[in-house]
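Novice: build the 3D model from these lines:
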Amino acid sequence: MQADTIITNVYGEFTAVARRLLPERGEGQRPATDPPPSRGPAPPSETSIPVIAEEDGFLQVIGLEAVADKARDAEATVRFLVRPGHYLFAGRELARIELPAAADEDERKKRAAAVAAEIRDAVIIGPERTPEADLEFCLLRLVEIAQRALSPGINDPTTAMRCIDRLTSAFVLVAGRDLPEDPEGVESLPVRFEAMFEAGFNPIRQCAERLPQVALRLAEQIRDLAPYAGGSRAMLRRQIELLAKMPSLANWADLDAEAMAERVKAAEAALAE
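Specialist: Got it, this is the predicted structure:
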């Protein structure tokens, strides 16, 4: 299969998953590219009950609605500590059930057990990552194509630049949508899209140091993303700073180095607006 066809198919999968998972602007919690509130692993409270993974594998899907229904019935709140795409090992904490202390402790334990059983039924764990609820996986498949294209044995900058173009389109698509609201009774672990895209740009930038045309395309696209950056401007600024400081620039032809300096300046100006 031709590289262009593979890139088109992978990007099409990304857009389909993004439109299914992310509500249109104004219908969710907040813009998807805005960093979510920091939510570290708080220490267990006296009223929290851990739910532990019982098998190894990648978390593929969480049925949040089913968990929320059971949590509301039990007057509990479920706080997930993992999300689709995370690798789990038997013994890792999946979630915590917050259930107020009750006079009848046996009844409380019974309700907690029912919620824990629902959580385990609602998560799908498998040997591989899947795109169904894992946007990062879809994005990283584009990155993998670009990395392979930039390997010394293949040396196909045109394919890598097409991947950069599709990553740009993916960013714009996500920037125009919101993060979904959690159903009452559940707190999911939010996706940090600025971190997801940075994880995409980093390996391509690193591989592109010896290929000016690819690094220049990356700088151009970061400049063009500025109007859509929202809360991800700091991430884009970091990428431009790293492009400007690439050690390989010293070995570039003067014309290429000057072109990079012009693109860096343009991107910095666009991100400052």
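Novice: centre-most residue in this structure?
Specialist: residue 196 (3.8 Å; C-alpha atoms, centre = their mean).
Novice: that one: what secondary structure?
Specialist: For residue 196, the assignment made with DSSP: H, G, I helix; E, B strand; the rest coil gives helix.
Novice: ranges for the helices of the stretch 101-250 of the chain?
Specialist: Using DSSP state H, counting those that start in this stretch, the helices assigned to the stretch 101-250 of the chain run over residues 105-122, 135-150, 157-175, 193-207, 212-225, 233-244.
Novice: and the fourth one with helix 233-244, angle?
Specialist: Spelled out, that is helix 193-207. 10 degrees (axes from the mean of the first three to the mean of the last three C-alpha atoms, to 10 degrees).
Novice: with the first one instead?
Specialist: For helix 105-122 against helix 233-244, the angle between stretch directions is 50 degrees (the same axes, to 10 degrees).
Novice: what sits up against helix 105-122?
Specialist: The contact list for helix 105-122 (C-beta atoms under 8 Å, 6 or more residues apart in numbering) reads 49, 51, 54, 62-64, 66-67, 70-71, 73-76, 78, 94-95, 97, 99, 101-102. C-beta coordinates here come from the backbone N, C-alpha and C atoms, glycine included.
Novice: give the burial count for residue 241, as a bare number.
Specialist: 12 (other C-beta atoms under 10 Å).
Novice: distance of it relative to residue 271?
Specialist: 11 Å (C-beta to C-beta, to the nearest Å).
Novice: contacting residues around residue 215?
Specialist: Residue 215 sits next to 205, 208, 209, 243, 246, 260 when contact means C-beta under 8 Å, 6+ apart.
Novice: between these, identify the one with the most neighbours.
Specialist: residue 208 leads those on contacts (other C-beta under 10 Å) with 25 neighbours.
Novice: any idea how far that residue is from residue 142?
Specialist: Counting by C-beta to C-beta, the gap from residue 208 to residue 142 is 15 Å.
Novice: picking that back up, so which of the contacts of residue 215 is the closest to residue 224?
Specialist: residue 243 (14.3 Å; C-beta to C-beta).
Novice: look up the closest residue to the closest one, ignoring the ones flanking it.
Specialist: residue 219 (5.3 Å; C-beta to C-beta, 6 or more residues apart in numbering).
Novice: pull the contacting residues for that neighbour.
Specialist: Taking C-beta under 8 Å, 6+ apart, we find residue 219 in contact with 240, 243, 260, 263, 264, 267.
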